[in-house]
Every structure is written in C-alpha cells, then in structure tokens.
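[1] Dropping the sequence and predicted coords here.
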Amino acid sequence: MGHERVGALPHSKRWRDIVAQMESYSGSAEELAALAASTLKNVRSRYRKLHVDDGVISSFQFLIALAKCASEGHRQSSSLLPTIDHDENPTPLRLVAELRTWVDAHRDSHEYAEIAKKASADAIMLWSDKHKMQPTLFSEEQDSKYVWQRADNGSGFCEVASLFFSKFTERYLNYFLEREASAVVANSTERDNLGFQLSEHHARVSRYAFETSRITQSFAAAWFNLHAQNEIPPKEKIESFLSRAFAKMEEDLLRETAK
C-alpha cells in the first residue's frame with residue numbers, strides 16, 4: 001500500500017475551541033477544557049472496540065456489497081454475504097431498509113449496531129444524492145447501478161468509507177458531549193440552554209468529524225484495490241481494515257487531546 005497517507009491532517013478548528021464556543025453553558029474555561037477532553041476520551045475508548053463488533057462489520061460489509069453488486073458480471077460467491085439487486089433499481093430508502101435488515105441479523109452490541117446502521121445509512125443517502133443521474137426523457141432520475149458503480153474502485157469507495165467514519169464519529173461526539181455536559185448542569189434552565197447550544201454546535205461537530213475521517217481515505221483506497229477488486233472480502237479482512245482505520249482516527253483524537 002505504497003500510497004497510503006501517513007501523518008496528521010490539520011483540523012480547521014481544535015476540538016476544545018469548538019466546545020469553548022458553548023457560550024450559554026456556565027462552566028469555567030477549565031471545566032470546558034475538561035469537557036472537551038472527556039468527550040474525546042470516551043470516543044477514543046469506543047474506537048478500540050468497534051472493529052470486532054459484528055454489527056459494525058456487517059454495516060461496512062453492506063457498503064462494500066453495494067459497490068460490488070453494481071459491477072457488471074458480479075456473481076455472489078456465498079449466501080453469507082449481502083446481495084443487492086441493482087437491476088430492480090432500488091431507491092436509497094429501500095437500500096437503507098435492506099441495510100437495517102442485514103445488520104439486525106448480524107449484530108452483537110445494540111449500541112454499536114445502531115450507530116453503525118445510522119452511519120451507513122447516512123453514507124448511502126449522501127453518496128446517492130451526490131452521484132444520481134440527471135433525469136432525461138428516457139431514464140429515471142435515480143439509477144442504482146449507475147450510482148454504485150462509481151464506488152467500485154479505490155478512489156470512489158474511499159469517499160464512501162470516509163462518509164461512514166465521519167458520520168460514526170459525529171454521532172459519538174454529539175452523544176458524549178451531551179452526556180458529559182448534562183451530568184454537571186446546575187438546573188433546568190441551564191439544561192435548556194445546553195440543549196440549544198448543542199443543537200447549534202451540530203454543524204461544527206459535523207465538520208470536525210469529517211476532518212477526522214479524512215485520515216482513513218488513502219488507506220481505504222489502497223485496501224479496496226488490494227482486497228475488494230474482484231469480490232466482497234471475508235469478514236476477517238474487513239475486521240482487520242476497520243481495526244486499522246479506527247486506530248488511525250484514535251491517534252488523530254489523541255493528538256488533539258495533547259494540544
């Protein structure tokens with residue numbers, strides 16, 4: 001994987017500065033810094049476990065299957081792998097429904113599976129919207145095979161993978177930020193203010209999560225070209241990939257904590 005990116009990628013804004021913008025939260029600067037650090041610590045702790053969870057693995061496996069099943073001449077090699085019939089031109093919402101059915105049948109932790117399903121669903125919707133065909137007199141606006149063939153190579157699939165990791169991280173950042181902050185609010189008025197601040201912060205958190213996920217892109221492209229060129233990789237290879245990818249993002253958050 002000679003072209004795998006190494007080294008840190010810059011964030012447009014530090015995480016602790018994002019948290020410090022919660023102006024109506026009455027905590028001191030020291031408390032806000034502690035809140036920022038504890039949120040990242042909790043997300044990093046999840047990163048260390050996610051790659052072995054069957055719900056997370058099956059969610060990512062489904063995204064690979066979306067690309068591979070769109071390939072001309074693709075033949076499914078095992079009934080243990082997800083099958084998507086793009087010839088029926090399924091809508092993105094139908095694909096999300098199929099994703100949920102697949103993951104629910106192959107999950108361990110309910111928490112991890114729910115986050116993974118939502119992250120994969122976001123990736124499906126965002127990728128489909130970006131690559132949908134423009135309607136013509138002779139074609140429908142949405143052509144599922146056309147859309148997902150664009151992901152059947154390293155340069156395409158690394159974008160899908162980045163969307164998955166970005167949305168995964170975004171959901172956990174929001175969850176732990178709200179949990180940690182709610183634990184120390186003094187009263188109902190402050191809790192209401194906190195809820196408003198968190199909703200206002202979603203766009204900033206989303207951008208931060210996207211920038212964190214970029215560190216996986218080059219690695220994802222190289223991995224896909226090596227292991228998913230001709231088939232959907234077995235579970236063991238997907239688990240190994242997820243282990244490396246989440247470890248890269250954990251390192252990125254650790255650097256952020258140390259700043």
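    It's in. Numbers count the residues shown, from 1 in each chain.
[2] Give me the below-cutoff pLDDT ranges for the stretch 51-200 of the chain.
    73-79, 133-142, 183-200 (pLDDT under 70).
[3] Quick check: the closest residue to Ile84 other than its chain neighbours vs Glu178, distance?
    Using Cβ to Cβ, 6 or more residues apart in numbering and skipping residues adjacent in sequence, the residue nearest Ile84 is Cys69, 4.2 Å away. Bear in mind the C-beta positions are built from the backbone N, C-alpha and C, glycine included. Using Cβ to Cβ, to the nearest Å, one gets 37 Å for the distance from Cys69 to Glu178.
[4] Could you do Ser243 as well?
    Remark: distance between Ser243 and Glu178 (Cβ to Cβ) = 28 Å.
[5] Can you spell out which helices and strands pack onto the longest helix belonging to the chain?
    Counting by DSSP state H, the longest helix found in the chain is helix 154-182. Other helices and strands packing on helix 154-182, by 3 or more Cβ pairs under 8 Å, 6 or more residues apart in numbering; DSSP states H and E, are helix 29-47, helix 54-68, helix 110-131, helix 188-213, helix 217-227, helix 235-258.
[6] List the residues that contact Ala245.
    Neighbouring residues of Ala245 by Cβ atoms under 8 Å, 6 or more residues apart in numbering: His51, Ala161, Phe165, Thr216, Phe219, Ala220.
[7] ok, of those residues, which one's closest to Ala33?
    Ala33 has its nearest neighbour among the contacts of Ala245 in Phe165, at 25.8 Å by Cβ to Cβ.
[8] tally of neighbours for that closest one?
    Using other Cβ atoms under 10 Å, Phe165 is surrounded by 28 other residues.
[9] That one contacts Met249, correct?
    Yes. Under the criterion of Cβ atoms under 8 Å, Phe165 makes contact with Met249 at 6.5 Å.
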